[in-house]
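J.: need a 3D model of the following:
(chains A and B, ligands or ions: 2)
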Amino acid sequence: MNTERHIASAFDRDLEGIQALVVKMGGLVEAALADAATALETRDEAMAERVRAQDGAIDALEVQVNDECLRLIATRAPAATDLRVVLTVMKIAASLERCGDYAKNLAKRSLVLNQMHVVEGATASIRRMARQVGLLLKDALDSFIHRDVELAASVRQQDRDVDHMYTALFREFLTHMMEDPRNITACMHLHFIAKNIERVGDHATTIAEQVIFLATGQMPSEPRPKADSVNMGKD
Amino acid sequence: MSVIEMKLEREVAAETIKIQARKVQVHYGTNHALKDVDVDILSKNVTAFIGPSGCGKSTFLRCLNRMNDTVASAKVSGSILLDGADIYDPRVDPVQLRAKVGMVFQKPNPFPKSIYDNVAYGPKIHGLTRSKAELDEVVESCLRKAALWNEVKDRLQSPGTGLSGGQQQRLCIARAIATSPEVLLMDEPCSALDPIATAQVEELIDELRSQFSVVIVTHSMQQAARVSQRTAFFHLGHLVEYGETGTIFTNPKDPRTESYITGRIG
Ligand SMILES: Nc1ncnc2c1ncn2[C@@H]1O[C@H](COP(=O)(O)OP(=O)(O)O)[C@@H](O)[C@H]1O
Ligand SMILES: [Mg+2]
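T.: Ligands and ions are numbered 1, 2, ... in the order given. Below is the predicted model of the structure:
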């Protein structure tokens, strides 16, 4: 990383500005995910509504990031690391915006699930998975803030655990549905939720890969370790 | 020949070394201006020299056609081969060399003569044409290559100094290519031009590349990135990094290059 200052100090301020915006976005997304999972487990409708309402702030931040990146490219013609910062910031913002949508979708589904009877143990498992993914997202963003390639690489590794959690949940939901068909509607919602949380883990991995690109100028070469995925229902 | 074969042939051709410089040193009196510069300039490529003022870009450029011979205090050592032949060999006539390795300067400097005579001057003194008709042809073709013909064809006898800055620079390029050089050296050719004239010269450089090796010194990083295939970064008399232009501007290896192209050191 180049820690020298630019001769034009406003250039430094612009670059720092766009990075501060994605870090802020990251904080909002982490909170939205955690709150949505808690709202699901505790059947807290007010909390779920708040998550839904606050997604607009995340979307607005992404728009702001894109605007400022465009302005920076047009006015400063960034090169080398500076150019990678701008590209990376735009991609991270896009990933975070998607993660925000997933959290909002979780909150919406929690409101529907509140109308149904409880599927034993499911929401606690989902909250644990959301917590795990939240930590992954936090690590990915920390690796961005500190340009920490090792931490970024560990995010790619840790995403396997999330994949395993998702596979386990998938089996659990199948079992519930086979035991009692009245669980099907709730389990379908729960499954979408689990899948979406797993997708957030993938976005955390994408962010970590961007950090590696930012720091080294190269995308990580070896393919991401992928845990054995769901057997499409067969065993 | 298939399209792919043609493409491969062009790529191979593009990798031919036109100028090979090794351990080039220049002293101006006690000032050690250029230190151990090694570089291979490829034929039919545009090579950009970038770096802060005073780092030795012009000094090195002037080594390539022995313009430093005209500077009394300059002492040049090392070897510079043009197509494998040493240009500092005592048997080489610097005037003949400069017909092969032409030069365009920062400030357009047309001779105080007509547009026609500016271009005809080189071919005349080097005896490259045998008749007036042949000379007319050379003048027209060089003015066309320099993208100036349409603007001046009706006033070839008016003075070159009466043209606009951008037109004068294109006239100087026409003059430089009139001796059929193999290499064209350009020292900040656009620094006195407005953006439109600059774009015209850049367009021209890109066209000249099909016939010549072009070496351009520029203070505009964007210009280097736009017009060149290879970029060399000089700093304090050293050639710090030399490579494919895209790589230099996206992922340079040396931290000094990175600092310079991102605007961190002057
Ligand atoms: N004709 C000259 N006589 C003495 N010193 C010179 C001459 N030309 C250049 N120098 C010195 O050589 C160094 C490199 O200059 P130059 O090649 O013009 O740099 P650049 O083109 O990169 O700005 C500087 O220290 C400059 O003062
Ligand atoms: Mg110079």
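
J.: nearest spatial neighbour of the closest residue to chain A within chain B, skipping sequence neighbours?
T.: Per CB to the nearest CB, B:Asn251 is where chain B lies closest to chain A, at 3.7 Å. To be clear about C-beta, it is placed using only N, CA and C from the backbone, and glycine gets the same treatment. Counting by CB to CB, 6 or more residues apart in numbering or on different chains, A:Gly217 is the residue found nearest to B:Asn251 once chain neighbours are left out, at 3.7 Å.

J.: ramachandran coordinates for that neighbour?
T.: Main-chain dihedrals, A:Gly217, degrees, to the nearest 10: phi 80, psi 0.

J.: that one and B:Asp36, how far apart?
T.: Distance of A:Gly217 to B:Asp36, given as CB to CB, to the nearest Å: 27 Å.

J.: just B:Gln168 next, same as before
T.: With CB to CB as the criterion, B:Gln168 and B:Asp36 are 37 Å apart.

J.: neighbour count: the two, which is higher?
T.: B:Gln168 (23 against 12; other CB atoms under 10 Å in any protein chain shown).

J.: can you pull the pLDDT of the residue nearest to the more buried one when sequence neighbours are not counted?
T.: Computed as CB to CB, 6+ apart, the closest residue to B:Gln168 that is not its neighbour in sequence is B:Pro108, at 3.5 Å. For B:Pro108, the pLDDT comes out at 92.

J.: how about the residue nearest to B:Asn251, what does it touch?
T.: Counting by CB atoms under 8 Å, 6 or more residues apart in numbering or on different chains, A:Gly217 touches A:Arg84, B:Thr250, B:Asn251.

J.: get me the contact residues on the stretch 1-150 of chain B for ligand 1.
T.: Contact residues (CB under 6 Å from any ligand atom) of the stretch 1-150 of chain B with ligand 1: B:28, B:31, B:33, B:51, B:53-59, B:71, B:73.

J.: mind doing that once more with 8 Å?
T.: For the stretch 1-150 of chain B, the residues in contact with ligand 1 (CB under 8 Å from any ligand atom) are B:26, B:28-29, B:31, B:33-34, B:49, B:51-62, B:71, B:73-74.

J.: buried residues in stretch A:33-44?
T.: A:Leu33, A:Ala34, A:Asp35, A:Ala36, A:Ala37, A:Thr38, A:Ala39, A:Leu40, A:Glu41 (16 or more other CB atoms under 10 Å in any protein chain shown).

J.: typo on my end, it should be stretch B:237-256
T.: Of the residues in stretch B:237-256, those buried (16+ other CB under 10 Å) are B:237-243, B:245, B:248-252, B:256.

J.: now do stretch B:133-140
T.: By neighbour count on 16+ other CB under 10 Å, the buried set for stretch B:133-140 is B:Leu135, B:Val138, B:Val139, B:Glu140.

J.: related to what we said a few turns ago, is the residue nearest to B:Gln168 located within a helix, as I assumed?
T.: No: membership of B:Pro108 in a helix is not supported by DSSP: H, G, I helix; E, B strand; the rest coil, which gives coil.

J.: all strands of chain B, in order?
T.: For chain B, the strands defined by DSSP state E occupy B:17-28, B:31-42, B:46-50, B:74-82, B:85-86, B:101-104, B:183-187, B:213-217, B:230-235, B:238-244.

J.: and the second one, which strands flank it?
T.: What it means is strand B:31-42. When pairing is defined by DSSP bridges, strand B:31-42 lines up against strand B:17-28 (antiparallel).

J.: quick one: average confidence on the partner strand?
T.: Rounded mean pLDDT across strand B:17-28 is 97.

J.: what's the answer for stretch B:39-59, then?
T.: The average pLDDT within stretch B:39-59 is 96.

J.: endpoints of it, how far apart?
T.: Counting by CA to CA, to the nearest Å, you get 14 Å between the two ends of stretch B:39-59.

J.: list the buried residues in it.
T.: For stretch B:39-59, the neighbour count (16+ other CB under 10 Å) marks B:39-51, B:55-59 as buried.

J.: that stretch: how far from the chain's middle?
T.: 9 Å (CA atoms, centre = their mean, to the nearest Å).

J.: residues touching the closest residue to B:Ser259 other than its chain neighbours, list them.
T.: Computed as CB to CB, 6+ apart, the closest residue to B:Ser259 that is not its neighbour in sequence is B:Ile265, at 4.6 Å. Contact partners of B:Ile265, counting by CB under 8 Å, 6+ apart, are A:Glu4, A:Ile7, B:Pro52, B:Arg256, B:Ser259.

J.: please report how far B:Ile265 lies from A:Leu190.
T.: For B:Ile265, the distance to A:Leu190 - CB to CB - is 57 Å.

J.: with B:Gly237 instead?
T.: 69 Å.

J.: same thing with B:Thr161?
T.: 83 Å.

J.: run through who's touching stretch A:178-195.
T.: Counting by CB under 8 Å, 6+ apart, A:40, A:105-106, A:109, A:112-113, A:116-117, A:119, A:122-123, A:126, A:129, A:166, A:169-170, A:173, A:176-177 sit against stretch A:178-195.

J.: keep only those of those residues that are in strands.
T.: Per DSSP E, the contacts of stretch A:178-195 never map to strands.

J.: got a PyMOL select line for the buried ones in these?
T.: Here is the PyMOL command that selects the buried residues among those (16+ other CB under 10 Å):
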select buried, chain A and resi 40+105+106+109+113+119+122+123+126+129+166+169+170+173+176+177
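
J.: and the helices in chain A?
T.: A:9-42, A:45-76, A:80-113, A:122-146, A:149-179, A:184-216 (DSSP state H).

J.: enumerate the residues of the stretch 101-250 of chain B near chain A.
T.: Counting by CB under 8 Å from any CB of the partner chain, the stretch 101-250 of chain B comes close to chain A at B:Met221, B:Gln222, B:Ala225, B:Phe249, B:Thr250.

J.: what's the most distant pair in the residues you listed?
T.: Greatest spatial distance among those (CB to CB): B:Gln222 and B:Thr250, at 13.7 Å.

J.: ok, B:Glu137 to B:Leu143 distance?
T.: As defined by CB to CB, B:Glu137 lies at a distance of 11 Å from B:Leu143.

J.: near ligand 1, which of the contacts of A:Gly217 show up?
T.: Near ligand 1, judged by CB under 8 Å from any ligand atom, there are no entries from these.

J.: burial check on residue 204, number of neighbours?
T.: The chain I'm using is chain A. For A:Ala204, using other CB under 10 Å, the count is 28.

J.: chain B, not that one
T.: 22.

J.: and if you look at A:Met188?
T.: There are 13 residues near A:Met188, going by other CB under 10 Å.

J.: hang on, the earlier thing: in a markdown table, list the buried residues of stretch B:237-256 along with distance to B:Ser79.
T.: Output for the buried residues of stretch B:237-256, formatted as a markdown table (distance: CB to CB, whole Å):
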| residue | distance to B:Ser79 |
| --- | --- |
| B:Gly237 | 18 |
| B:His238 | 18 |
| B:Leu239 | 15 |
| B:Val240 | 21 |
| B:Glu241 | 21 |
| B:Tyr242 | 17 |
| B:Gly243 | 22 |
| B:Thr245 | 26 |
| B:Ile248 | 25 |
| B:Phe249 | 30 |
| B:Thr250 | 33 |
| B:Asn251 | 31 |
| B:Pro252 | 27 |
| B:Arg256 | 26 |
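
J.: between those, which is nearest A:Asp139?
T.: Checking these against A:Asp139 by CB to CB gives B:Asn251 as the nearest, at 25.4 Å.

J.: ok, the closest one - contacts?
T.: A:Ala80, A:Gly217, A:Gln218.
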